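[1] Need coordinates for the below:
(3 chains)
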Amino acid sequence: MSSNLGRFLDLADVGREGVLDLLKLALKLERQPDPQALAGKILGLVFLNPSLRTLASFQAGMARLGGTSFVITPGQGTWALETRMGVAMNGGAAEHIREGLPVLASYCDALGIRAFADGKDLAADLADQNFLAMAALVDKPLINLESAINHPCQALADWKTLDDVGVPTRAKFVLSWVNHPRALPLAVPAAVVHMAALRGHEVVVLRPEGYALPPEIIERARRAAAESGGSVTETSERAAALRGAHVVYAKEWGSTAHYGDATRDLELRAGLGDWQVREPWFSHAAPDCRLMHCLPVRRNVAVADEVLDGPRSLVLREAHNRLLVQIAVLHRLLARSST
Amino acid sequence: MSSNLGRFLDLADVGREGVLDLLKLALKLERQPDPQALAGKILGLVFLNPSLRTLASFQAGMARLGGTSFVITPGQGTWALETRMGVAMNGGAAEHIREGLPVLASYCDALGIRAFADGKDLAADLADQNFLAMAALVDKPLINLESAINHPCQALADWKTLDDVGVPTRAKFVLSWVNHPRALPLAVPAAVVHMAALRGHEVVVLRPEGYALPPEIIERARRAAAESGGSVTETSERAAALRGAHVVYAKEWGSTAHYGDATRDLELRAGLGDWQVREPWFSHAAPDCRLMHCLPVRRNVAVADEVLDGPRSLVLREAHNRLLVQIAVLHRLLARSST
Amino acid sequence: MSSNLGRFLDLADVGREGVLDLLKLALKLERQPDPQALAGKILGLVFLNPSLRTLASFQAGMARLGGTSFVITPGQGTWALETRMGVAMNGGAAEHIREGLPVLASYCDALGIRAFADGKDLAADLADQNFLAMAALVDKPLINLESAINHPCQALADWKTLDDVGVPTRAKFVLSWVNHPRALPLAVPAAVVHMAALRGHEVVVLRPEGYALPPEIIERARRAAAESGGSVTETSERAAALRGAHVVYAKEWGSTAHYGDATRDLELRAGLGDWQVREPWFSHAAPDCRLMHCLPVRRNVAVADEVLDGPRSLVLREAHNRLLVQIAVLHRLLARSST
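    Numbering: from 1, shown residues only, chains lettered A, B, ... in the order given. Sure thing, here's the model as predicted:
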C-alpha cells in the first residue's frame, strides 16, 4: 500500500515490502500508541454481511487512534442495497449502491465495505465484480472488510501471527479444507494461500476431491511464491500433506466442482465428516505444529475442542492481531504523517 | 429556530430569516470547522423506521463537532415501542413511549426522532399526531428526523443545494410525483413544497389524478409563498408544468384520494408507469434544468439511470448537504455559543 | 467491589459498604463530572437480549467520561453465539462463546454482557450457569448487564433512587408480583429483594400462589437482611402486605411452581388480571408510598396509567439513575485513580 494510494483492498497490491512495513508500524503502535493520531477522523463501516471481529475491531481501532466510526448494515435499520446495474428497482431493495456508497463516503474520511460472494457465478466471484463495482463508487480511502475473493485484513493479521510465534518463512504451511454445515465463500482460502506464499512458505492446499481451489487462485499464489522463494501445491492426500507441517490452517469452503449448487455440495460433504481437525492429524507433523483459523469456527465440526483448547491453537491471537494490524492500516491511510 | 427554542422540528418554525442564518452558519462551519464545539455532548438518535443518510450523517455530524451519539432502533435489539395512549399493553410492544422517550432524553443532551406516518388516517398524519405526542415527552433539544408530515433536515439541505448551484429564488420549481412499487408518506413532498415556496419559487406540483396533495399542505405552502413572493399551483399537465422549469424535484407518495387503501393505490399506479423522470422530460425545460430527489430513489422506476447519472442530477450534493446543514443545526442547538 | 477485583457482577460481592462508596462516587461525579477520566478507554457491550436503558445508558456513560464503546448483538449483524460446551456446532450458531467472548475482550478495556435466563431449568438459572461460564472466558473488567438471576446495575440504581427521595432504610418495602402477557425471568426480583434487604428494609414479597420466589433467592436476601437489620417475608395476602408500605416495587416474573412450562404459567396468570397496580392498592399504605419498576412496563397490564402518571411513580428517576450509578461503576473499574 503506497501511502498515497489510499486503499487497502488486497495484499498483492501492498506487496511483500509493504506488508513488512505495515507490520513494523503495527508493532510500533502497539508499543507506543498514538492516541490522537486520528482525532476528528471518521470511518464509515458498511456491512452487507454479518461480522464480529471486523465489526468490533475496526470500531476499537479507530477509538484507539482517537477517531470515531459509524456502522451501516443494509437491511437492518438501513434500506437494503441494490448492487446490479441498469435494473428497474421494483423489488425489495430501496436504494442502489450508486447512490448509497458515494453518499456514505461523503460523510466520512475512509470507508470499509464487507460484501461476501454471491456464490452463484464462480467467474464473477473470482473477478470480485461486486466489490470492485462498489470500490469504483468510492472516492475516499477504502478498506476491504472481506469481499467475494479477498480478506486482506485477515491475511495481514495471520502474517503477524506467524511472526509473533516465530514460524520461519520457509516452514511448511498446510491450508486444509474442513467440513461445515454448508458451502462458504473462497475469500479466506484465497487470501490465506496467497499470504502464505508471499511470506515464502512451502504451501500445501489439502482438500477432498470436488474442493480444489480454482486455478486462478493457485496461479496467483504461485506468482507470490515465485517472488518470495516459496511454493504452492495441492493434494487430497492428508497424511503426506501433514507430514512435517509447521502450520495447519483450517478453513471451510464450498465445492468448486459444483459451485453454486448447494444440493450437490451437501451430498459431497455428507461423506466428509472426517475432515475435522483432530489431535491425531498432528501425529506426523513437526513438533509444535500450530493450528490456525480465521474464526468463526464450528467446534467439533470443523475443528475439535481438543485442538482449539490445546496449546497448538493460535486462533485467539489471530483475532487479536486483527485489531493490531488494522490500527496500522488506519494510521497509514488517515494519519497526517505515518511513517 | 430561535436559539433558546432548542427544537428543530419544522422549517416553518425557523422562518425565512432563520433559515438564511442557519445556512450561513453551515457555510462558516464548512470553511472553519469547530471540532471541539460539542466535546462531551451526546446526541440520542431514535429510529422507528429505516434510515441511511440520517443515521450516518447525524453520527458523522456529532463526531465532526467533537461530540458522540447513540442509536436506538426499537424492535431491533431494543423493545418495540407502543405509541398509543391509554391502551392495555398486552401485545407485541414491551415499552411505551411515555417511558422510553423521557428515559432516553435523560441520557443525552439532545434527541432526534424518526417516526414515519402510519399511512392509515390522513387527518392524523397531517396533524403529525404521533410525532407531536412524542415531542411532548422530551424535555431536551429535539430534532425531527422525519415525521409523518415533515422532514426539515431534508428541506434545509435542499435549500442549501439550490443555493450551491445558483438556482435563483424566482425560478420555476416543479415537484413531480413519480412512481414507486408502493405508497410512500407525504413527509418529503410536504416539506419540499413548503421549502420551495418559502425560498420564493414559482412552485408547480405535478401529479396524476388521485395524487393531489391535501389542501392543508398546499395552503401551508401558499402562506410561505406569500411571505416570500412565490406561488404554488398544482396540475396534472406534465408538458405545461415542465415548460421553462429550472428544477424538477422528483418524489414518490401514496394516493391521497385513497389514503391508506393499498389495493386501490396499487391499481392506480399500475397505469402510471410513464411517471418516471427520463431525459425527454427536460426537452422544454430551462437550459440546465436540475433534477433533485431526497433519496433513496428507485432507479428506472422513479428516475431513469440516464438522468441520475447525467449532469442534471443534484442528488449526491443534496445528500452531502444533509451533513453540512445538520452540523449547523447541532451547533445551534448544543454549542455553548453559536452565532 | 474492591477496586482491584475489576468486576461488577453482583451487589453481594460489593457489599453494603462498597455500595455506599459507589453511591458517594456517583453523587460526586454528578456534581463534578470527570469528562476525561476514561479518555482512550473502550467498553465492549454484548447484548444476547434486547435492551433500551442499558444499551443507551452505558454508551452515554462512557461518553460522559471521555471514553467510547462498541455494541455487539449476536444474531443481528453478528453471528449467533453458541453457549453450550462440547456440542458439535452443526446448527444455527456460527460462533462459540469460547472464541467470541475472549476475542471481544481483547478489543476493549472492559466488557459488559447481557444474557437472560433460558427459563427452562430453574437450578441452572439460579446458579447463573450460563453467565458464569461466559464470565470465566473474559480476562478484562466485566459488568453484568443482566444475567439469568442478577441485575446489579438496576439494583444499584434503585438503591440510589430510594436515597434520592429519602426513603428511610427501615421502611417497609413491598416487592409485588404483577401480571404480564408471558413469563419473565427472575433476575430483577432476585436482585431487588436482595438490594432492599441489604439496605435494611422490612421486605415483603407479595405474590400469588404459584409465584413464590425460590428459597435460594429468599435465603440469600435474608443473609443480606441479617447484615443490615432488615427482614424478608413472603405472602399472598395483598391487603396485609400493602398496609403501611413505603414503597411498592412492581415486577413481573414467571411461575416458579411450573418453571419453564409456558402453558401452565399462562393458565395460572389468566386468572390473575387483578394483579395490576392501581391507585386503590395504596389506600392503606403509608402516605406518599412510592411506586417503583425497573422498566419496560406494560401499561394497564402490570401497572395502571393512573399510577405511572401520578406523583408516586419513581420509574423515570430509577431509569435516569442507571446512568449515574453506571458512571460510578465505570469510573471505579477503569479510571486511573478512582477514590
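
[2] Which parts of chain A are helices?
    A:11-31, A:53-64, A:97-105, A:122-126, A:129-135, A:152-164, A:187-199, A:215-228, A:238-242, A:262-270, A:305-308, A:315-334 (DSSP state H).

[3] do you know which of those helices lies nearest residue B:126?
    Among the helices of chain A, the nearest to residue B:126 by CB to CB is helix A:97-105 (29.3 Å). All C-beta atoms are positioned from the backbone trio N, CA, C, and that covers glycine.

[4] how about the closest one: buried residues?
    The neighbour-count check on helix A:97-105 (16 or more other CB atoms under 10 Å in any protein chain shown) flags A:97-105 as buried.

[5] Output the below-cut-off pLDDT ranges for chain A.
    Applying pLDDT under 70 to chain A picks out residues A:1-5, A:338-339.

[6] on that earlier part again, in CSV: the helices of chain A, plus distance to residue C:134.
    What follows is those, written out as CSV (distance: least, CB to CB, whole Å):
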stretch, distance to residue C:134
helix A:11-31, 27
helix A:53-64, 16
helix A:97-105, 34
helix A:122-126, 37
helix A:129-135, 35
helix A:152-164, 24
helix A:187-199, 27
helix A:215-228, 38
helix A:238-242, 34
helix A:262-270, 31
helix A:305-308, 17
helix A:315-334, 15
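
[7] Would you point out which residue of the stretch 51-200 of chain A is nearest chain B?
    Going by CB to the nearest CB, chain B is nearest to residue A:95 of the stretch 51-200 of chain A, at 3.4 Å.

[8] Could you pick out the residues of the stretch 1-150 of chain A near chain B for me?
    A:39-40, A:42, A:44, A:68, A:70, A:72, A:74, A:76-79, A:82, A:86-91, A:94-96, A:98-100, A:102-104, A:106-108 (CB under 8 Å from any CB of the partner chain).

[9] Quickly list the domain ranges of chain A.
    Chain A breaks down by automatic domain parsing into domains covering A:7-151+A:321-334, A:166-313.

[10] Now the terminal residues of the shortest one, how far apart.
    By that I understand domain A:166-313. One end of domain A:166-313 sits 14 Å from the other (CA to CA, to the nearest Å).

[11] That domain and chain C, any residue contact?
    Yes - counting by CB under 8 Å from any CB, chain C has neighbours in domain A:166-313: A:181, A:295-301, A:305, A:308-309.

[12] separation between the residue in chain A that chain C sits nearest to and residue C:271?
    Using CB to the nearest CB, the closest approach of chain A to chain C is made by residue A:296 at 3.4 Å. Distance, residue A:296 to residue C:271, using CB to CB, to the nearest Å: 46 Å.

[13] Those two: who's more crowded?
    Taking other CB atoms under 10 Å in any protein chain shown, residue A:296 and residue C:271 do not tie; residue A:296 has more neighbours (26 against 10).

[14] OK, contacts around the nearest residue to that one once chain neighbours are set aside?
    Leaving out its chain neighbours, the residue that sits closest to residue A:296 by CB to CB, 6 or more residues apart in numbering or on different chains is residue C:95, at 3.4 Å. When contacts are counted by CB atoms under 8 Å, 6 or more residues apart in numbering or on different chains, residue C:95 touches A:52, A:295-297, C:74, C:79-82.

[15] Max pairwise distance over those residues: which two?
    Most distant of the contacts of residue C:95, by CB to CB, are A:297 and C:74, 15.4 Å apart.

[16] Which of the two has more residues huddled nearby?
    Between residue A:297 and residue C:74, residue A:297 has the larger neighbour count (other CB under 10 Å), namely 26 against 23.

[17] nearest residue to the more buried one other than its sequence neighbours?
    Using CB to CB, 6+ apart, the closest residue to residue A:297 is residue A:303 (5.5 Å).

[18] For the one you found, name its beta-bridge partners.
    For residue A:303, the beta-bridge partners are residue A:277, residue A:299 (DSSP bridges).

[19] what's the burial count for it?
    A count of nearby residues for residue A:303, using other CB under 10 Å, gives 25.

[20] wait, what's in contact with it?
    Contacts of residue A:303 (CB under 8 Å, 6+ apart): A:178, A:250, A:276-277, A:291, A:293, A:297.

[21] How about residue A:128?
    Neighbours of residue A:128 in contact, by CB under 8 Å, 6+ apart: A:147-150.

[22] Dig out what residue A:44 forms beta bridges with.
    residue A:70, residue A:111.

[23] wait, what's in contact with it?
    A:69-70, A:72, A:104-105, A:107-108, A:110-112, B:56, B:60.

[24] One more pass at 6 Å, please.
    A:70, A:104, A:108, A:111 (CB atoms under 6 Å, 6 or more residues apart in numbering or on different chains).

[25] From residue A:78, how far off is the second one?
    Distance, residue A:104 to residue A:78, using CB to CB: 10 Å.

[26] Ok, the last one next?
    Residue A:111 sits 14 Å away from residue A:78, going by CB to CB.

[27] swap in residue A:312?
    41 Å.

[28] Between the two, tell me which one has more neighbours.
    residue A:78 (26 against 20).

[29] which one is that one nearest to, not counting chain neighbours?
    Residue nearest to residue A:78 in three dimensions, not counting chain neighbours: residue B:52, with 4.8 Å by CB to CB, 6+ apart.

[30] can you count the residues close to that neighbour?
    If you count neighbours by other CB under 10 Å, residue B:52 ends up with 24.

[31] for residue A:93, same thing?
    Neighbours around residue A:93, by other CB under 10 Å: 21.

[32] so how far is residue A:47 from it?
    16 Å.

[33] cool, and residue A:179?
    26 Å.

[34] go on, residue A:41?
    Distance from residue A:41 to residue A:47, by CB to CB: 20 Å.

[35] Looks like residue A:198 contacts residue A:224 (just checking).
    Yes - assessed by CB atoms under 6 Å, residue A:198 is found in contact with residue A:224 at 4.0 Å.
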